[in-house]
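>>> sequence and predicted structure below; questions after.
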Amino acid sequence: MKFGKIRQDKVSSPIAMMRQVRPSKNGRSLVRTAAPLMLTSLVDAFAVIVIYLLASTQQQGTELKMDGKISLPTAKHSQSLETGINLRVVGSKYIIDETEMGQEKVAAFLIGLNESLKAGKDKRQGNLIIQADKNSDFRQLSPVLVIAAQTGFENVRFAVMGE
Amino acid sequence: MGQDNETNFEINLLPVISLLAVIIGFLLVSAVWIPLGGFHVKQAIGETADKTDSQKESKFQINLISDSVIALQVESEGRMVQEIKIKETKKDYSTLKEAMAHLKIKYPQVTRVFLMPASQVKYQNVVSVFSLLSELELKEVGLQPTL
């Protein structure tokens, strides 16, 4: 079909002769003025965005599991939250590492946990992160502080949300 | 068409762009945008604390008697040198902040703060006091549990 109707029409197409990028006459390019799309700058921009996002997600020193029942207190000025054993105060119950218990069992659990952390040379050893609802009374938190001191958790951190 | 015998070639960047676009999408979705922070309290454990030294230390003591009544005490070398009672009317504890800023200037040698909230004080108010102490750059803060 070298001399087919479609090909003949294409060769004499006025649109192809008028186009600016690769004008052609009788199917032949006259001048190659086509400029390749500069993708290098786009790749650079994407790379910068990826690095920024990676860095911003790494700033969260620790991964903290949030509880739907807890609304953390807010603070304008707070420090960074480092790694530690997560203790959640929900009503009269205490949740440590996804294990729910009453106040009477917290001390024994924390002693065992701290010993296993020491044996494993875990970074969380001696560090406790407390999550409690902002509307809870201090009497709900007070026993945790006493127990933490007795069981060898010398660094206690209170998780808050920044304003 | 016979003239198209160029040997110039370019690296195909389209797969790279696709990959980066996927990574950006993933990071945007998985990133945590809730600004989490914390307040650090270092507790004395065991019986290693030297009571003689602790009795002679200088400190500010903030007694949160209730959510709106605060008693401020300044101890210098174990002796109480000033006591202020504050009726806090503002939610952001700005009255306490002003008083603490004034005391910090008056007693620059005092860097330690002990916070003693009563059992019925809301946790949010304890955190608000922590926040204002952090703003005033008083970093050595101790929290005394209610017995």
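That came in fine, so what should we check first? Residues are numbered from 1 along each chain as shown, chains lettered A, B, ... in the order given.

>>> which secondary structure elements does whichever strand or helix holds B:Lys85 contact?
When secondary structure is defined by DSSP states H and E, B:Lys85 falls within strand B:79-87. In this structure, strand B:79-87 packs against strand B:69-76, helix B:94-106, with contacts taken as 3 or more C-beta pairs under 8 Å, 6 or more residues apart in numbering or on different chains; DSSP states H and E. C-beta coordinates here come from the backbone N, C-alpha and C atoms, glycine included.

>>> now do 10 Å
Packing partners of strand B:79-87 (3 or more C-beta pairs under 10 Å, 6 or more residues apart in numbering or on different chains; DSSP states H and E): strand B:59-64, strand B:69-76, helix B:94-106.

>>> most packed of those?
Comparing these by mean neighbour count (mean count of other C-beta atoms under 10 Å in any protein chain shown), strand B:59-64 ranks first with a mean of 20.

>>> partner residues bridging the closest residue to chain A within chain B?
Per C-beta to the nearest C-beta, B:Gly37 is where chain B lies closest to chain A, at 2.9 Å. Taking DSSP bridges, one obtains A:Val160 as the residues bridged to B:Gly37.

>>> swap in B:Lys42?
A:Asn155.

>>> could you verify my assumption that it touches A:Leu145?
No. In this structure, B:Lys42 is not within contact of A:Leu145 by C-beta atoms under 10 Å, at 11.8 Å.

>>> please identify which of the two sits among more neighbours.
Set B:Lys42 next to A:Leu145 and count neighbours by other C-beta atoms under 10 Å in any protein chain shown: A:Leu145 wins out with 20 against 12.

>>> report the contact partners of the nearest residue to the more buried one once chain neighbours are set aside.
Counting by C-beta to C-beta, 6 or more residues apart in numbering or on different chains, the nearest residue to A:Leu145 once its immediate chain neighbours are dropped is B:Pro145, at 4.1 Å. B:Pro145 makes contact with A:138-139, A:141-149, B:43, B:116-117, B:119 under the criterion C-beta atoms under 10 Å, 6 or more residues apart in numbering or on different chains.

>>> now do B:His40
When contacts are counted by C-beta under 10 Å, 6+ apart, B:His40 touches A:78-82, A:127, A:155-158, B:130, B:134, B:139, B:141.

>>> now a ChimeraX select for only the buried ones of these.
Those of the contacts of B:His40 that count as buried under 16 or more other C-beta atoms under 10 Å in any protein chain shown are selected in ChimeraX with:
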select /A:78,81,127,155,156,157,158 /B:130,134,141
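
>>> what about the contacts of B:His40, which are in helices?
Residues of the contacts of B:His40 located in helices (DSSP state H): B:130, B:134.

>>> which residue is the nearest non-sequential neighbour of the spatially most central residue of chain A?
Residue closest to the average C-alpha location in chain A (C-alpha atoms, centre = their mean): A:Thr57, at 4.5 Å. What sits nearest to A:Thr57 in space, not counting adjacent residues and going by C-beta to C-beta, 6+ apart, is B:Ala31, at 5.0 Å.

>>> that neighbour - how many residues pack around it?
A total of 12 residues lie near B:Ala31 under the criterion other C-beta under 10 Å.

>>> cool, the one 3 residues further on as well?
When neighbours are defined as other C-beta under 10 Å, B:Ile34 has 10 of them.

>>> likewise for B:Asn125?
Using other C-beta under 10 Å, B:Asn125 has 21 other residues around it.

>>> tell me who's in contact with it.
Going by C-beta under 10 Å, 6+ apart, B:Asn125 touches A:73, A:134, A:138, B:64, B:66-68, B:70, B:88, B:91, B:93, B:117.

>>> switch to 6 Å and redo it
By C-beta atoms under 6 Å, 6 or more residues apart in numbering or on different chains, the contact list for B:Asn125 reads B:Asp67.

>>> next, it: phi, psi?
Backbone geometry at B:Asn125, expressed as degrees, to the nearest 10, gives phi -70, psi -30.
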